[in-house]
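Q: sequence first, predicted coordinates after that:
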Amino acid sequence: MAAKSIISRPVYGTLSPQPGKHHLFIADAEGALAIAEMAGRAPPRFFDDAEVVFIPGPDGKHTVALEALKPAQFHQAPSFASLLPRLRQTLANAHMGLRLYLSGTEGLIGQAMQVALEAGIDHTSIQTEHRGSLARRMQCVHCKGITENVTTQPATCAHCGLLLLVRDHYSRRIAAFQGVCINAEDRSEIPPMEEIFR
């Protein structure tokens, strides 16, 4: 019997070139590889009307591969928070025919999807492909703080310090997995931490 999937978990596909007047790519780290692979299946001059926004990560890899696609616009950002004003402005000025491609970590995809939907971009105009780390963006259900890049189970809330069980429940509204106190009955009970979201 196959394991049941978690209904709230996002389902990711594979990027594929879509007809449209403008193509906006947002990627982090290994997400650049998804764009480069999709480019091999794209028609000639596909990137002439494309904008690529890339968060390279600490190693700085894959920037050259994206620049080689010769998009109409290419921008690098140190973090999602730093590209947020630009993304909101781009989406606010978007016209019919915009296609949005999101690739990389779940944190990036979820946050970018959230901003796009708030801007009124139809979900059928958005493609996603997960690449790279399985680290999770987690919201503490107790203090509502967000902790980025969680790789352990349980995990410590970066805001209130509670030890949290990182649930598989994913909230699209806040683009984060939910974390609930694992030792609420007895705070002296501290289960071992294991790195499981790599």
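A: Sure, I can see it.
Q: show me what the strand ranked longest in the chain is packed up against.
A: Longest strand of the chain, by residue count under DSSP state E: strand 163-171. Strand 163-171 makes packing contacts with strand 136-140, strand 152-153, strand 155-156, strand 176-181 when contacts are defined by 3 or more Cβ pairs under 8 Å, 6 or more residues apart in numbering; DSSP states H and E. Bear in mind the C-beta positions are built from the backbone N, C-alpha and C, glycine included.
Q: which among those is found nearest to residue 17?
A: Ranking the helices and strands packed on strand 163-171 by proximity to residue 17 (Cβ to Cβ) places strand 136-140 first, at 28.4 Å.
Q: tell me the confidence at residue 6?
A: With respect to pLDDT, residue 6 scores 64.
Q: same question, residue 152
A: pLDDT recorded at residue 152 is 97.
Q: please identify the most buried of the helices and strands packed on strand 163-171.
A: Highest mean neighbour count among the helices and strands packed on strand 163-171 (mean count of other Cβ atoms under 10 Å): strand 136-140, with a mean of 24.
Q: would you list the helices and strands packed on strand 163-171 in TSV and tack on distance to residue 81?
A: Shown next, in TSV, are the helices and strands packed on strand 163-171 (distance: least, Cβ to Cβ, whole Å):
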stretch	distance to residue 81
strand 136-140	12
strand 152-153	23
strand 155-156	21
strand 176-181	14
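Q: out of those, the one nearest residue 7 is which?
A: Comparing these against residue 7 with Cβ to Cβ, the closest turns out to be strand 176-181 (13.6 Å).
Q: parallel or antiparallel, which strands does the next helix or strand after that closest one pair with?
A: Note on strand 176-181: by DSSP states H and E, the next helix or strand toward the C-terminus is strand 194-195. Based on DSSP bridges, the pairing partners of strand 194-195 within the sheet are strand 152-153 (antiparallel).
Q: show residues contacting the strand it pairs with.
A: Among residues not part of strand 152-153, those counted as contacts by Cβ atoms under 8 Å, 6 or more residues apart in numbering are 165-166, 193-197.
Q: picking up where we left off before, off-centre distance for the longest strand of the chain?
A: Its chain's C-alpha centre and that of strand 163-171 lie 17 Å apart, by Cα atoms, centre = their mean, to the nearest Å.
Q: and if you look at stretch 157-177?
A: Stretch 157-177 sits 15 Å away from the centroid of its parent chain (Cα atoms, centre = their mean).
Q: buried residues, that stretch. List them.
A: Using 16 or more other Cβ atoms under 10 Å as the test for burial, stretch 157-177 gives 157, 162-164, 166-167, 170, 175-177.
Q: nearest to residue 108, of the residues you listed?
A: For the buried residues of stretch 157-177, the nearest to residue 108 is residue 175 (9.3 Å; Cβ to Cβ).
Q: contact partners for that closest one?
A: Counting by Cβ under 8 Å, 6+ apart, residue 175 makes contact with 107, 110-111, 113-114, 137.
Q: let's see 7 Å
A: By Cβ atoms under 7 Å, 6 or more residues apart in numbering, residue 175 lies in contact with 110-111, 113-114, 137.
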